[in-house]
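Kindly return the folded structure for what I paste below:
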Amino acid sequence: MKTKKRIFMSLIVICFLTVSTQFPLYAEPDLTGREIMQKADEENDTDDSTYLLTMEIRRGNSKRVRKMKMWMKSDEQGNERSLIRFIWPAQVKGTGFLTIEHSDRDDDQWLYLPALKKVRRIASSKKGGSFMGSDFAYADMGGGSIDDYTYKLVGSEVIDGNDCYVVEETPATEKIKKDEGYSKKITWIRKDIFYRAQVKYYDKHGNYLKIMKLSDFRKIEEADVWLATYIITTNEQKKGNETAVTYDEIEVNTGIPDDFFTQRYLVKEK
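Next up is the predicted model:
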């Protein structure tokens, strides 16, 4: 009787394998959309980092090149602070951009224009505007709170040979939608290293606006984190418009002083 039972169970297993090969079963993921995005924000975090960057703003056959330095640091609550200073060419040298992220309210952002010797605060309602004439918005330059959006896992897809979660992000409030100018974002998160592979942005009317692609991933061994060292954002509504950023130099966990991320330091033209 036991022999017959074993034969019967074997037949069930064979049938199951045959069916599942022809029609793969969908398995519920262990993580929700929100958990995936939260893990992506935390997985490759460092205490602080310093980058030398090259930005190319392309408009059809014309191209403008900018060199800039960026410092980033997280506070005790995990909120990110960043300072960008343009160092070349002469017409933008000394221009600075400071972002202070808050988990419980809108991020603070200031732009320093050396020609005017003036610091201008970026109002929340202006964060959908273009950052220094590029295809990045001011909103793209700040991390924002995870509570600013709601998240839905909508599937998985292979991007550049890497298996990715696909997460739909929707603004949590009408104010966030209005301020940032996005009705939703679709984000691809690599399953192996929990890093964004690409993001599609949709304008406030629901039309496809632009796509950001991240590549040239590098493992920063001293901090055990990954970094995409090439980012390109292409405007799908203005053909020929795109902005690329290349990470030329990278330093992590060097102990950047907190006073780097102040308006006083912002106006220092170095």
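
All the strands of the stretch 51-200 of the chain, residue numbers only.
Counting by DSSP state E, counting those that start in this stretch, one finds strands in the stretch 51-200 of the chain at the ranges 62-74, 80-88, 96-100, 108-113, 118-121, 149-159, 162-171, 182-190, 196-203.

Figure out which of these is closest to Phe131.
strand 96-100 (7.4 Å; C-beta to C-beta). (Glycine included, C-beta is placed from N, CA and C.)

could you check the angle strand 62-74 makes with the closest one?
Between strand 96-100 and strand 62-74, the angle comes out at 40 degrees (axes from the mean of the first three to the mean of the last three C-alpha atoms, to 10 degrees).

in its sheet, what does strand 96-100 sit against?
The sheet places strand 96-100 alongside strand 80-88 (antiparallel), strand 108-113 (antiparallel), with pairing taken from DSSP bridges.

Tell me where the stretch 1-150 of the chain is predicted with low confidence.
The stretch 1-150 of the chain contains residues with pLDDT under 70 at 1-29.

residue ranges for the helices of it, please.
Under the criterion DSSP state H, counting those that start in this stretch, the stretch 1-150 of the chain carries helices at the ranges 2-22, 33-43.

Check this protein and tell me which residue is nearest its centre.
Arg196 (6.4 Å; C-alpha atoms, centre = their mean).

per-residue pLDDT, that residue?
At Arg196 the predicted local confidence, pLDDT, stands at 98.

Asp140 versus that one, what's the distance?
In this structure, Arg196 and Asp140 are 12 Å apart, going by C-beta to C-beta, to the nearest Å.

Repeat that for Gly78.
For Gly78 relative to Asp140 (C-beta to C-beta), the value is 20 Å.

When those two are compared, which one has more neighbours?
It is Asp140, of Gly78 and Asp140, that has more neighbours when counted by other C-beta atoms under 10 Å, with 20 against 12.

Now do the SS call for Asp259.
Following DSSP: H, G, I helix; E, B strand; the rest coil, the label given to Asp259 is helix.

So it sits against Leu98, correct?
No - the pair Asp259 and Leu98 fails to qualify as a contact (C-beta atoms under 8 Å) at a distance of 11.8 Å.

Looking at the two, which is more packed in?
Set Asp259 next to Leu98 and count neighbours by other C-beta under 10 Å: Leu98 wins out with 25 against 8.
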